[in-house]
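Trainee: What follows is a protein structure lacking sequence information:
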């Protein structure tokens, strides 16, 4: 019996966790973080507790209670019971977990309960909670997706739940003799690499007891793929997230053409913009941004977009060139461009090879632009974070030597188009934008309640510095990372699945309305309820 169970992404945008089962074989398609569920309980300064994070997420219903998939060290540390006895803790209920770990089930049954995760692309709502899965569970993805996930992990190494590829396995250790309380228990970590297999496009590969292939599609992060999964008797297609209107829209068209008329047993399709009738346009973003930036005159032009959105980055290179400005990007984006440029079919060149692109160097720590201020965030200084104290050639300082500082921009603001996201608004204090400066939001996705709250804060920052009068609202130039309703319906009609399962949407019922009489059965998923493919 083959079944599909949606554990995340049913009736919500993001958080995709799709379990495909064929007898004893089990594979997840994505295992992402739900922004909506996390936002119900957490925000920037209220986060899961570092050494109880998995149990916290399970207790709040943010993660599904499934036996045999999660990390042992996040459920119960080795030697925990003996340590509690030593500390005279009589009630161990605070450390109890009502799910069995991957290792417990494998030890009991002699085989793993979960064989793999296929990650469609490197957005947090599709891959972030892989960090909670046992470190033995392999990940399959495109080479570009792996590179973006690795970069994201390196640039946020101190945050809980970001250790997707290099797992920080926790264990009980003892404090040393110089501590205030020597020989008392503590939790320490060691890095354990997760097996990650990068897969060539449209090339079949074995995944557990199934077979799969990845098809490149266009999205607002490079490396995105759709998935074709074959079980013993069924064929399942999963779109991941996709669009037709981006700079690489031909990839999505190629996926559509390859699957046209194939009539799979199930098509699991994203529906973020199913209610939108008109397609977006990346060309439209470029034109609107150029128009708005031109209005800034001698003022500073600032634009917000996600650091992983290499499509929007390429668009902004064109906007800067057209408006006679130099694009100044964040160090994170510069680091990513260098990381991706070494890949076959690289989506971007290194920022240092772009004649009209510079990197912004923030003031940090001492606020003196001292090189020592950046040793904790090495990507701020240059293209490598793998430093060796004994080998000076490994220490890269390209951003420091050639980067643009706040005083450079303040001296000649009309020369620059600055990549400035919400979390970098402190820079306005140093930038001192003059009258006529403009702030453009060109963010694609994802949108969530926290971002709605951030709009009010953003408005107050703009008002404080006199940017975008008289309403001090950001000017918008937007194109989604997702296809429109008619494009999604046409895609479904072209592929002609027997069953269509809409995910990543708040309006799954619109698929049923649009496909009525088409011969395609639309099955609206219920969270955690298996859909058996007949």
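Mentor: All right, it came through fine. Predicted model only: the values in this text are computed from it and were never measured.
Trainee: Distance of the residue nearest to residue 210 when sequence neighbours are not counted relative to residue 266?
Mentor: Nearest non-adjacent residue to residue 210, counting by CB to CB, 6 or more residues apart in numbering: residue 231, 5.3 Å away. No exception for glycine: its C-beta is placed from N, CA and C like everyone else's. Distance from residue 231 to residue 266, counting by CB to CB, to the nearest Å: 10 Å.
Trainee: and the residue nearest to residue 210, what is it in contact with?
Mentor: By CB atoms under 8 Å, 6 or more residues apart in numbering, the contact set of residue 231 is 2, 20, 22, 25, 209-210.
Trainee: and if you look at residue 10?
Mentor: Shown in contact with residue 10 (CB under 8 Å, 6+ apart): 503, 508, 525-527.
Trainee: can you redo those as JSON lines with distance to residue 438 and secondary structure?
Mentor: Below are those laid out as JSON lines (distance: CB to CB, whole Å; DSSP: H, G, I helix; E, B strand; the rest coil):
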{"residue": "503", "distance to residue 438": "38", "secondary structure": "strand"}
{"residue": "508", "distance to residue 438": "39", "secondary structure": "coil"}
{"residue": "525", "distance to residue 438": "43", "secondary structure": "coil"}
{"residue": "526", "distance to residue 438": "46", "secondary structure": "coil"}
{"residue": "527", "distance to residue 438": "43", "secondary structure": "coil"}
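Trainee: Among the contacts of residue 231, which lie within strands?
Mentor: Among those, the residues falling in strands (DSSP state E) are 2, 20, 22, 25, 210.
Trainee: so which of these is the most crowded?
Mentor: Within the ones in strands among the contacts of residue 231, residue 20 tops the neighbour count with 27 neighbours, counted by other CB atoms under 10 Å.
Trainee: which residues does residue 261 contact?
Mentor: Counting by CB under 8 Å, 6+ apart, residue 261 makes contact with 494-496.
Trainee: Show me the strands in the stretch 1-150 of the chain, by range?
Mentor: Along the stretch 1-150 of the chain, counting by DSSP state E, counting those that start in this stretch, strands occupy 2-8, 17-22, 25-31, 116-118, 139-141.
Trainee: can you list contacts of the first one?
Mentor: In this case it means strand 2-8. Contacts to strand 2-8, defined as CB under 8 Å, 6+ apart, come from residues 14-22, 31-32, 34, 64, 66, 231-234, 236, 265-266, 268, 501, 503, 525-533.
Trainee: Could you do the fourth one as well?
Mentor: Residues external to strand 116-118 that are found in contact with it (CB under 8 Å, 6+ apart): 27-31, 130, 133, 137-141, 207-208, 212, 214, 227, 229.
Trainee: ok, back up a step: save the contacts of residue 231 as a markdown table, and put in pLDDT too.
Mentor: Output for the contacts of residue 231, formatted as a markdown table (pLDDT from 0 to 100):
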| residue | pLDDT |
| --- | --- |
| 2 | 96 |
| 20 | 98 |
| 22 | 95 |
| 25 | 95 |
| 209 | 90 |
| 210 | 96 |
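Trainee: Pick the one among the residues you listed closest to residue 410.
Mentor: residue 20 (54.9 Å; CB to CB).
Trainee: For that closest one, give me its contacts.
Mentor: By CB under 8 Å, 6+ apart, residue 20 lies in contact with 2-4, 26-29, 210, 229, 231, 236.
Trainee: could those residues go into CSV alongside distance to residue 360?
Mentor: Converted to CSV, the contacts of residue 20 look like this (distance: CB to CB, whole Å):
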residue, distance to residue 360
2, 51
3, 50
4, 45
26, 45
27, 42
28, 38
29, 37
210, 46
229, 43
231, 49
236, 44
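Trainee: of all these, which comes closest to residue 285?
Mentor: Distances from residue 285 to the contacts of residue 20, taken by CB to CB, are shortest for residue 29, at 29.8 Å.
Trainee: Which residue is the nearest non-sequential neighbour of the closest one?
Mentor: Nearest residue to residue 29 in three dimensions, chain neighbours excluded: residue 18, at 4.1 Å (CB to CB, 6+ apart).
Trainee: Could you report the distance from residue 385 to residue 158?
Mentor: In terms of CB to CB, residue 385 sits 13 Å off from residue 158.
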